[in-house]
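In: The sequence isn't on hand, but the structure is:
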């Protein structure tokens, strides 16, 4: 069995392609149930990390002679050692709940037991998955995947009743003469270790649903398998030490060193289904297409018919009388009877009648195709509206980055600001019936100049902000009335314990909670240690940082807008030999990818248990932080002032607020605000 889920599988193949490998489905239009009716719940994507026993902890004990049965037959294998830990993954936003799923997979190296015949390579096997259709050669079994529990703080309890299958993984290569696999770049993979940008480089293994040791008879008939691809990282990964797993082979403590594979749900050799014959409806504007239509034509066939032969035993006088007899002449059409005169005797004696068969013909109809014309429709393209482009130039005191700290030694609650300059382009579509205009902000139009923030003591804080790749998107409400113009981004520095009197996010002892942002992206909890991405330079060891949670509120006013942009914030430690900030020879002390929600409404950043201090709240004008500024408010721009030859974004103000835990080694957590007013 596989995990239950109502999330669409979103393979970019249609039901017909799954059946016969012939067509594609529109992304997101068909659910997994449409593709495979009554074939079981959905199967996760998995990111697999190279793993080995942690130093000082016992390793895996080899297991000989384990029987496996999958769709290719029965195997007897020896299980050698642990190879990878595979986390359920939200791939490209397809299943935001995946990082919270509790069933992982641990894979083990296997080898066919002594005395087993050599595995016969299977050639030209068809695999259909989210990346398309591949023809592969299946070489030999190399790994066994086992459903497993995983935690990073302490050993987890065993899985009570896992619904994820075991999988036997076979090494594969693309079949000779078949189209090569085209690498897929810039995939966003989010799991319990965080977010990665990866590329699927080439297929490495086909993993088939398996009945292990007779524990799940029938598992070998399950149609859902996994196709694994070698990945190339587009972002960094910090090793995670002492990760705890438990499964049917027993508990183990692993060091997770690097991501190596991405495994996606797949079907093997899908069974073709009959293609129905379609009848076209004539379109008077169409182009004719020839279609065969059967027409009946007669064929003459001889059939015996009795005819009387008269033998006279007395004197008779013959008199000729005309009698009609049908004679069939094959002409390719239905025969017409022809009259002919036949002498008929007038008998005066008693005749003796003897019947002699005389052949006659009977027509038999057969079908002969006749070509008729059926029109084929010609599509008339629908014109796409040209978006209205307007540039927002950021400059002067209207552009501002603010860093709000709490309880800084010698300074107390301290706010630092720096000028923000640059520009970006907004492409606005025409308004719909409700006055809503969709907005695109091309990533290549987003430019932020170098930012310098001067604290009261110490060196300047130098920041570089740039887009990460995806275009920004949002909407402008010309009439007003849309919900959720305000956005608060909040985070709890320590969810090891329950929320205190000043609030906080729920307790999370497993440190695996996730939150889904308004754009569908997922933020995951993170454990601070010297080897993780959670403040590894100066960690609060063992402290769990919550995911970022976004709370929306308020109503759009006329001319209000909200957009999301995907930015990378880098703190410069050295400007390099050219002495110029944000150039290629800079070095950075920290890099953070941000999902920033900019709005003309109120944007706010909130931190609970600030600086890892219980019940400490860093929030706008909060108790104990009455002079703190963690919220900014924008200003709308009427659509009539944007449109027309002289229209512009001048006066439009948008802002964003978000938490930044352990932003500075001395000051601690910071709430960041951004203010942009278009010139």
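Out: Nice, thanks for sending it over. Quick caveat: nothing in here was measured; it's all calculated off a predicted structure. Numbering: from 1, shown residues only.
In: Quick one: neighbours of residue 668, just the number.
Out: With neighbours defined by other Cβ atoms under 10 Å, the count for residue 668 comes to 22. For the C-beta atoms, the positions are set from N, CA and C on the backbone; glycine is no exception.
In: if you skip the residues just before and after it, what's nearest to it?
Out: Nearest residue to residue 668 in three dimensions, chain neighbours excluded: residue 611, at 3.8 Å (Cβ to Cβ, 6 or more residues apart in numbering).
In: okay but the one you found is in contact with residue 493, surely?
Out: Yes. With contact defined as Cβ atoms under 8 Å, residue 611 counts as touching residue 493 (7.0 Å).
In: The two - which one has more neighbours?
Out: For residue 611 and residue 493, the more surrounded residue by other Cβ under 10 Å is residue 493, and the numbers stand at 27 against 20.
In: which ones are touching that one?
Out: Under the criterion of Cβ atoms under 8 Å, 6 or more residues apart in numbering, the neighbours of residue 493 are 543, 545, 546, 607, 608, 609, 610, 611, 612, 661, 669.
In: Show the pLDDT at the residue nearest to residue 668.
Out: Looking at residue 611, its pLDDT is 94.
In: That one in helix, strand or coil?
Out: Applying DSSP: H, G, I helix; E, B strand; the rest coil to residue 611 yields a three-state assignment of helix.
In: show me the contacts for it.
Out: Here residue 611 is in contact with 406, 407, 493, 668, 669 (Cβ under 8 Å, 6+ apart).
In: Residue 149 too?
Out: Residues in contact with residue 149 (Cβ under 8 Å, 6+ apart) are 102, 103, 104, 156, 157, 158, 159, 245, 246, 247.
In: before we move on, the earlier item: pipe the contacts of residue 611 into JSON lines and attach pLDDT, secondary structure and distance to residue 74 per row.
Out: Formatted as JSON lines, the entries for those read as follows, by pLDDT from 0 to 100; DSSP: H, G, I helix; E, B strand; the rest coil; distance: Cβ to Cβ, whole Å:
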{"residue": "406", "pLDDT": "95", "secondary structure": "strand", "distance to residue 74": "64"}
{"residue": "407", "pLDDT": "92", "secondary structure": "strand", "distance to residue 74": "66"}
{"residue": "493", "pLDDT": "97", "secondary structure": "coil", "distance to residue 74": "53"}
{"residue": "668", "pLDDT": "91", "secondary structure": "strand", "distance to residue 74": "60"}
{"residue": "669", "pLDDT": "93", "secondary structure": "strand", "distance to residue 74": "58"}
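In: can you name the two of these that are farthest apart?
Out: 407 and 493 (12.9 Å; Cβ to Cβ).
In: Common neighbours of the two, please.
Out: 610, 611.
In: Run a quick neighbour tally on residue 651.
Out: When counting by other Cβ under 10 Å, one arrives at 15 neighbours for residue 651.
In: So what's the residue count around the nearest residue to it once chain neighbours are set aside?
Out: Leaving aside its sequence neighbours, residue 651 sits nearest to residue 637 (Cβ to Cβ, 6+ apart; 5.8 Å). By the measure other Cβ under 10 Å, the count of residues near residue 637 is 25.
In: any idea which residue sits dead centre in the chain?
Out: Nearest to the mean C-alpha position of the chain, counting by Cα atoms, centre = their mean, stands residue 94 at 3.9 Å.
In: and that one, which of the three is it?
Out: Taking three-state DSSP as the rule, one finds residue 94 in the coil state.
In: if I look at it, how far off is residue 186?
Out: The spacing between residue 94 and residue 186, counted by Cβ to Cβ, to the nearest Å, is 15 Å.
In: One more: residue 600?
Out: Here the criterion is Cβ to Cβ. By it, residue 600 lies 31 Å from residue 186.
In: So if I had to pick from those two, which one is more boxed in?
Out: In terms of neighbours (other Cβ under 10 Å), residue 600 is the more surrounded of residue 600 and residue 186; the figures are 25 against 12.
In: Apart from its neighbours in sequence, what residue is nearest that one?
Out: residue 634 (3.7 Å).
In: Correct me if wrong: the one you found contacts residue 656.
Out: No. Contact criterion Cβ under 8 Å: residue 634 and residue 656 do not qualify, at 9.3 Å.
In: shared neighbours, the two?
Out: Counting by Cβ under 8 Å, 6+ apart, the contacts common to residue 634 and residue 656 are 598, 599, 603.
In: Can you tell me which of the residues you listed are buried?
Out: Of the members of the shared contacts of residue 634 and residue 656, the ones counted as buried by neighbours, 16 or more other Cβ atoms under 10 Å, are 598, 599, 603.
In: Work out for me the element the last one sits within.
Out: Under DSSP states H and E, the secondary-structure element containing residue 603 is strand 602-608.
In: Can you name the element that comes right after that strand?
Out: Moving toward the C-terminus from strand 602-608, the first helix or strand encountered (DSSP H and E) is strand 617-618.
In: which secondary structure elements does that following strand contact?
Out: Under the contact criterion of 3 or more Cβ pairs under 8 Å, 6 or more residues apart in numbering; DSSP states H and E, the helices and strands touching strand 617-618 comprise strand 400-408, strand 602-608.
In: So what angle separates the directions of the shortest one and strand 400-408?
Out: Put plainly, it is strand 602-608. Our comparison of strand 602-608 with strand 400-408, counting by axes from the mean of the first three to the mean of the last three Cα atoms, to 10 degrees, yields an angle of 30 degrees.
In: In strand 602-608, which residues are buried?
Out: By 16+ other Cβ under 10 Å, the buried positions in strand 602-608 come out as 602, 603, 604, 605, 606, 607, 608.
In: Bridged to the third one, which residues?
Out: Counting by DSSP bridges, residue 604 is bridged to residue 488, residue 631.
In: With the last one instead?
Out: Each beta-bridge partner of residue 608 is listed here, defined by DSSP bridges: residue 492, residue 617.
In: which residues touch it?
Out: Contacts of residue 608 by Cβ under 8 Å, 6+ apart are 490-493, 499-500, 502-505, 546, 616-617.
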